[in-house]
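Trainee: Test case, fold it:
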Amino acid sequence: MFKNQRQKIAIFAVSLSLLSINEANASTIGLYNTGVDDNNAVLVAGTVDSHYTVTSSLPSSSPSTYAVNDAKDYIGYWMAPDSISTWITPFLTSDNYASSSSLPAEYYDYTTTFNLAGINISTVDILGKSASDNYILGFSINGHEQSLSGGYSAWTAFEINKYFNQDLNTIIFHTQNLDGINGRGGPTGLRVQMDLAAGIASVPVPAAIWLFGSAFAGFIGFNRRKFA
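Mentor: Numbering: from 1, shown residues only. Here you go, the predicted structure:
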């Protein structure tokens, strides 16, 4: 009985050593929710979101995006912000809401980037959810277009597990804004939350073999000393 218990402990120790190869190298991949700073704290309304830029065909459009809580004249229609994300928009009012005036129907592309240097890209999986006013039409990962459809009052889930580059990667969320109340332009905004954004760091094969060999040798040595 004592011998069997010792053997189980030794086997469990080897299992932990092998498991740690994965756990010790698990890494987030530098993606951010909308409306947060580098420490993932939600930004004060009106603050620039440095992780996302926006483009459109409007001559007055700036690439900057700003954290906001809601849309002016449409307050309560957008999902309320929480402790891990808020809305971003390229057009602010003076009191830091998303502007809802003089914005014609238009398409907006919101872009974010991340780097997978040192990560085994075959292990990367990104699970997230998004919302947009008026609509989110899809997204691209490194130029590969993916379908997506949703609005601003509920989340639309997405997953990305392919088309990655070993270094710089680009995600572009495609959105559409429509005319608002009584012919006035409606607001535009994007909300994104990354529920999972992780991969396994690349481990040199000799190092992985050495870890396995060391654990296995320790297991054999333990048996010889205790049960020879």
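Trainee: The longest strand seen in the chain: which residues count as buried?
Mentor: The residue-count maximum for a strand in the chain (DSSP state E) belongs to strand 119-133. For strand 119-133, the neighbour count (16 or more other CB atoms under 10 Å) marks 119, 121, 123-124, 126, 128-133 as buried. Using the backbone N, CA and C atoms, a C-beta is placed for each residue, glycine as well.
Trainee: Stretch 50-64 too?
Mentor: 51-54, 56, 58, 61.
Trainee: pLDDT score assigned to Gly186?
Mentor: Gly186 is assigned 81 on the pLDDT scale.
Trainee: about what we covered before: tell me which of the buried residues of stretch 50-64 is nearest to Phe139?
Mentor: Tyr52 (12.5 Å; CB to CB).
Trainee: how near is the residue nearest the centre of the chain to Pro187?
Mentor: Closest residue to the average C-alpha location of the chain: Met194 at 3.6 Å, with CA atoms, centre = their mean. Look at Met194 and Pro187: by CB to CB, to the nearest Å, they are 24 Å apart.
Trainee: Same check on Gln193?
Mentor: On the measure of CB to CB, Gln193 and Pro187 end up 20 Å apart.
Trainee: Pick out whichever of these two has more residues nearby.
Mentor: A count of neighbours by other CB atoms under 10 Å puts Pro187 above the other of Gln193 and Pro187, at 27 against 19.
Trainee: and Ala198, what are its bridge partners?
Mentor: Thr28, Asp125 (DSSP bridges).
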